[in-house]
Each structure stands twice: as C-alpha cells, then as structure tokens.
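>>> I would like the atomic coordinates for the input below:
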Amino acid sequence: MTNQQNVVVVDVKPHGGVKPPLSLPVAKSFSPQDLKLLLMKKRFETENAWVLDSMRASSPSRISNPTTTSLPETDVKSSWIVHHPSALNMFEQIVTASKGKQIAMFLDYDGTLSPIVEDPDRAFMPREMRAAVRDVSRYFPTAILTGRCRDKVYSFVKLSGLYYAGSHGMDIKGPSKSCKDYNNGKQGVLFQPASEFLPMIDEVYKALVEKTKSISGAKVENNKFCVSVHYRCVDEKSWATIAEQVRSVLNHYPKLKLTQGRKVLEIRPTIKWDKGRALEFLLEALGYNNPNDVLPIYIGDDRTDEDAFKVLRDRGLGFGILVSKIPKETNASYSLQEPSEVKEFLRRLVEWKKLSLQAPIIG
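Purely as a prediction, here's the structure:
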C-alpha cells in the first residue's frame, strides 16, 4: 500500500470502561467498505487480546502497586494484612460493631463455602460447612449470592431457611413464611430482573457448547440468567481459542456482556444488576431500610463479589470479607484464607450469639 497513515480508534466497551486503542494503517485509496472490514477485523483481534489478558489475570487481581512490587513477597503480604486483617483475629471488633443491630450474613458459594474444584458439577459443600451455615441461619438472616444457577446451588446446600440469589443476583428467592420470623409472614421473595433475556441466554449456551466441544477441558454451564465458560481444566495454549470462540458468539448479541470470574468467562445481560445490587435488594426485602438497624457481613472470594464489597464500603455499612491466601486488590475490610476459616468464623459467630442470649440483663 502507498500513502499510508496511522489512525487510532478508541473502542468503548458496551458494559463500561475503555478498551485499548485500535491502531491500524489506512490507505487513502481504501473504499469505505474496505475500511469498515479492516476496522472490524482489528477490533475483533483487540477484543480477543483483551479477553485473553483478563483470563490470565483471573480474579481478583493480585496486588500490582508499584510501591510494593519491589518488596519481598512476605513483606507484600504483611503489608496487605495490615489493611485487610484476618476476620478471625478481629472477631471481637466485628461483633462489637453489631451492638444494637441485627447481623445479616451474605455468602458466596464456590471458593467460600466449598473448595474450588476442577469439575464445577462436583463443588459439593462439606458436611461440617453445611452444619455451620445451618446454625448461622438459625440466628441471623442468611443469603447465598452466587453466579451459579439458583436451583444448582440449592441442590448443593440443601437448606430451606436461606435466601438464594443465583445468576449473580438475577434470580432471587427467599424461604417460605414458615422458615423464619424475619420474613414477616410473607411468602418467599422472588425477583428476576432479566427474565426477557432467558431465550437469548439459552441460544448463547447452545452456541457455545457447539463452539467449544473440540477444546479439551472446556465446560459450558447454563446458569439460567447467565452462561459460564469454565477453562480451569483447559491447557493455557488453548485459552486464546476459547476467547475467540466466546467473542465470535457474543458479537451477535449486543444486549449481552462478557465478564470475568475465577477461571471462568461469563456472559450476562447488560442490565445494571450485580451482587452489590442484589445485596441492597435483599436488605430491603428483609426490612432493613435503616442502616442503624443492621450490620451486613458479606464473605466472598471472587471478582464478582467486589460489587458487594464496594456497596458496603461506599455506604459505610457492615463488613466485606475476602477469602484469599494471596494479596489481592479488594474493597473488603477483612480477609480469611480459605473455606475452612470461613467455617470457623461462622461457628464463632453462632457461639457468640448463643452466649449473648444466655447473658443476664443488667440494669
């Protein structure tokens, strides 16, 4: 080509934020149609690279502050712990903050109540954890917020006295009126803000199953209001192929967006709804419109839980607890290293509540 010049095009993501600029040579002799095709090709390549980078980063991002990257790993972790101390070590401070308030528990599932496993269909909750969650729900309003299909996570947990928010809060149902007094005698809450997307989600699921069937280890999961493409068991050399196939399908559905979780790509409706908004909805459904009446505690391990952590932080309401063994950028106030520590925290919360109910009233 002759007489070339570089043109930089900035592509805005449909769900917010700005992708890297598209830089491509353009010949003045190009026809508008040729230029359009070239731009589409370059955009597709850039989007694939963006998705691939996100896949490698996984969730949430490791600490990348330039002031700490030169420090030894142990010093970085020590510095991070100062700002996100163990919820077990800070247990007394947490329960003290609940004086005069009702604690409400909000729990992620994978990586929080169950260990991360290679096969998402086998992410079973250990018996001891189920007992801990059951006991917590007897004393505190309790909800599980997950990217999973609500029916799927219920089949794992099998506890009827909880609120379940599946598909990142796009499918919420509460316990029946006989389960809890805090339900105010009403039938279980049912909220589905993205029902119109169900046929579209089903189409995308079928298309992605077909597109990824030749990629060893890839698994596509229909979570009713979103589709998850798991690549935990996929060789990293094939990640670019997964990114390309997901983008090729998603390009036909402008009303859907791509988000990233822990070793999973998720396709969701573009509505303004996430775990943070689901948390706010559940607090209102429980009747806690006054922040002076409630202390929400949200425990989660994934990037998608950051939306809920941010709501708590921005509103100065309750505490977010990140489950992670490594320092990560987070809006949470406290940390726990693994599900076994989550179980211990829940047990201590129940024991504290039992003791507080037995304590004599003075004055």
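>>> show me the helices in the stretch 151-300 of the chain, by range?
198-212, 239-250, 275-285 (DSSP state H, counting those that start in this stretch).
>>> am I right that Ala131 is in a helix?
Yes - the assignment for Ala131 is a helix, going by DSSP: H, G, I helix; E, B strand; the rest coil.
>>> Leu258 versus that one, what's the distance?
Computed as CB to CB, to the nearest Å, the Ala131 to Leu258 distance reads 38 Å. Glycine gets a C-beta too; all of them are placed from N, C-alpha and C.
>>> likewise for Lys213?
20 Å.
>>> compare these two (neighbour count), which wins?
Between Lys213 and Leu258, Leu258 has the larger neighbour count (other CB atoms under 10 Å), namely 21 against 9.
>>> how close does the more buried one sit to Phe156?
According to CB to CB, Leu258 and Phe156 sit 26 Å apart.
>>> again with Val136
According to CB to CB, Val136 and Phe156 sit 16 Å apart.
>>> higher neighbour count, those two?
A side-by-side neighbour count of Val136 and Phe156, using other CB under 10 Å, places Val136 first with 23 against 20.
>>> got phi/psi on the more buried one?
Backbone geometry at Val136, expressed as degrees, to the nearest 10, gives phi -60, psi -40.
>>> residues in contact with it?
When contacts are counted by CB atoms under 8 Å, 6 or more residues apart in numbering, Val136 touches Met105, Thr142, Leu346, Leu349, Val350.
>>> can you list which of these are found in strands?
Applying DSSP state E to the contacts of Val136, the entries found in strands are Met105, Thr142.
>>> out of the contacts of Val136, which one sits closest to Lys310?
Closest to Lys310 out of the contacts of Val136 is Met105 (18.4 Å), distances taken as CB to CB.
>>> any idea of the pLDDT on the residue nearest to that closest one when sequence neighbours are not counted?
Leaving aside its chain neighbours, Met105 sits nearest to Thr142 (4.5 Å; criterion: CB to CB, 6 or more residues apart in numbering). Looking at Thr142, its pLDDT reads 97.
>>> ok, Pro66 next?
On the pLDDT scale, Pro66 is placed at 41.
>>> same question, Ser178
Ser178 is given a pLDDT of 37.
>>> leaving out chain neighbours, which residue sits closest to Leu164?
Just so we're on the same page, residue 164 is Tyr rather than Leu. Distance criterion CB to CB, 6+ apart; nearest residue to Tyr164, sequence neighbours excluded, is Arg150 at 5.0 Å.
>>> got the contact list for the one you found?
Contact analysis of Arg150 by CB under 8 Å, 6+ apart lists Tyr164, Ala165, Gly166, Ser167, Asp171, Ile172, Lys173, Lys224.
>>> so which of the contacts of Val136 wins on neighbours?
In those, the most neighbours by other CB under 10 Å go to Leu346, 25 neighbours.
>>> which residues of the stretch 101-250 of the chain fall in strands?
102-107, 142-145, 163-166, 171-173, 190-191, 219-222, 227-230 (DSSP state E, counting those that start in this stretch).
>>> what is the mean pLDDT for the shortest one?
Looking at strand 190-191 alone, the average pLDDT works out to 86.
>>> who touches that strand?
With CB under 8 Å, 6+ apart, strand 190-191 has contacts from Asp171, Ile172, Lys173, Gly174, Phe281, Ala285.
>>> mind checking which of the residues you listed are buried?
Asp171, Ile172, Lys173, Gly174, Phe281, Ala285 (16 or more other CB atoms under 10 Å).
>>> nearest spatial neighbour of the last one, skipping sequence neighbours?
Going back to what we said before, that points to Ala285. That would be Val189: by CB to CB, 6+ apart, it lies 4.7 Å from Ala285.
>>> what number of residues lie near the one you found?
18.
>>> Leu279 touches Leu145, doesn't it?
Yes - using CB atoms under 8 Å, Leu279 is in contact with Leu145, at 7.0 Å.
>>> which residues are common contacts for the two?
Common neighbours of Leu279 and Leu145 are listed as Phe106, Gly169, Tyr298, Ala308 (criterion: CB under 8 Å, 6+ apart).
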